[in-house]
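S.K.: Coordinates only, no sequence provided:
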């Protein structure tokens, strides 16, 4: 496949829909006690959770650089809440004057993030290479394990495990979402999730226990989710990873290629 602006927009919108689905589900917990709000400004989507001021949820996606005025509007949205924002800028939305506006507002490019993808067909996925790795769909009472392994895999503080479990359990029966557990020699050691929208599957998250790494589990979770996406008649699979990370390498080993690289803009502390 050749990357086009239309395809890049489609991949970005799939990610936006995934993020919106997650935050709308969290919004329904305890009458939105944590202050979820999603602002839409033309082609830009400003996500925010007032009680969680970090960059994980307070992020701008989509075409946020259409004009300097739009940048000002989005910044005012976050300033009103007292929350620092992060802009995830896909290359098809690049606008030099708007990026200068971000710079003058105290933002700088702090990171890069890789978007990978592949077209799907019934011939895409083979069988798992390692017979001692098994993957199954998660049960509703297993999200405590999901939260514990997630925070370990992403090097997050242990006390966040309960909130991670709750914020994923709320998606258990939501349209498009699937969650998986990987086991090695009958021991649960990995987790993964997937979101499907408009015939596109997103490899939403994946983590492996430290003691079980370098045994092919992460790659097996990718293969399995892609296989599930094919069963759901998806046309594309999309993944996101830090540049040249293990996650990116494993996605490429599974046949995915780099679609584009986003620039991440954060506010100077």
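M.R.: Structure received. What you see is a predicted model; the values in this text were computed from it and never measured.

S.K.: Can you pull out the residues in contact with stretch 174-187?
M.R.: 18, 21, 25, 132-138, 142-143, 145-146, 168, 171-172, 188-197, 204, 208, 212, 215, 217, 220-221, 224-225, 228 (C-beta atoms under 8 Å, 6 or more residues apart in numbering). C-beta coordinates here come from the backbone N, C-alpha and C atoms, glycine included.

S.K.: Turn the buried ones among those residues into a named ChimeraX selection, would you?
M.R.: Typed into ChimeraX, the line below selects the buried ones among the contacts of stretch 174-187, using 16 or more other C-beta atoms under 10 Å:
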select :18,21,25,133,134,135,138,142,143,145,146,168,171,188,189,190,191,192,193,194,195,196,197,204,208,212,215,217,220,221,224,225,228
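
S.K.: Looking at the contacts of stretch 174-187, which are in helices?
M.R.: Taking DSSP state H as the definition of helices, the contacts of stretch 174-187 contribute 18, 21, 25, 143, 145-146, 168, 217, 220-221, 224-225, 228.

S.K.: Just give me the neighbour total for the closest residue to residue 197 other than its chain neighbours.
M.R.: Once flanking residues are discounted, residue 197 sits nearest to residue 17: 4.4 Å by C-beta to C-beta, 6 or more residues apart in numbering. Using other C-beta atoms under 10 Å, residue 17 has 18 other residues around it.

S.K.: repeat for residue 222
M.R.: The number of residues near residue 222, taken as other C-beta under 10 Å, comes to 23.

S.K.: Quick check, it in contact with residue 251.
M.R.: Yes - using C-beta atoms under 8 Å, residue 222 makes contact with residue 251 at a distance of 6.1 Å.

S.K.: Give the residues shared as contacts by these two.
M.R.: What both residue 222 and residue 251 touch, as defined by C-beta under 8 Å, 6+ apart, is the set 203, 239.

S.K.: quick one: strands adjacent to the helix or strand containing residue 240?
M.R.: Using DSSP states H and E, residue 240 falls within strand 236-242. Strand 236-242 pairs in its sheet with strand 107-119 (antiparallel), strand 200-208 (parallel), by DSSP bridges.

S.K.: Highest mean neighbour count out of those strands?
M.R.: strand 200-208 (a mean of 24; mean count of other C-beta atoms under 10 Å).

S.K.: for that one, the distance to its chain's centre please.
M.R.: The chain centre lies 7 Å from the centre of strand 200-208; the measure is C-alpha atoms, centre = their mean, to the nearest Å.

S.K.: before we move on, what about stretch 253-262?
M.R.: Distance of stretch 253-262 from its chain centroid, counting by C-alpha atoms, centre = their mean, is 14 Å.

S.K.: likewise stretch 222-231?
M.R.: With C-alpha atoms, centre = their mean as the basis, stretch 222-231 stands 17 Å off its chain's centre.

S.K.: next structured bit after the helix or strand harbouring residue 60?
M.R.: According to DSSP H and E, residue 60 maps onto strand 59-62. Using DSSP H and E, the helix or strand that follows strand 59-62 towards the C-terminus is helix 68-81.

S.K.: how big is the angle separating that following helix from strand 107-119?
M.R.: Helix 68-81 runs at 100 degrees relative to strand 107-119, counting by axes from the mean of the first three to the mean of the last three C-alpha atoms, to 10 degrees.
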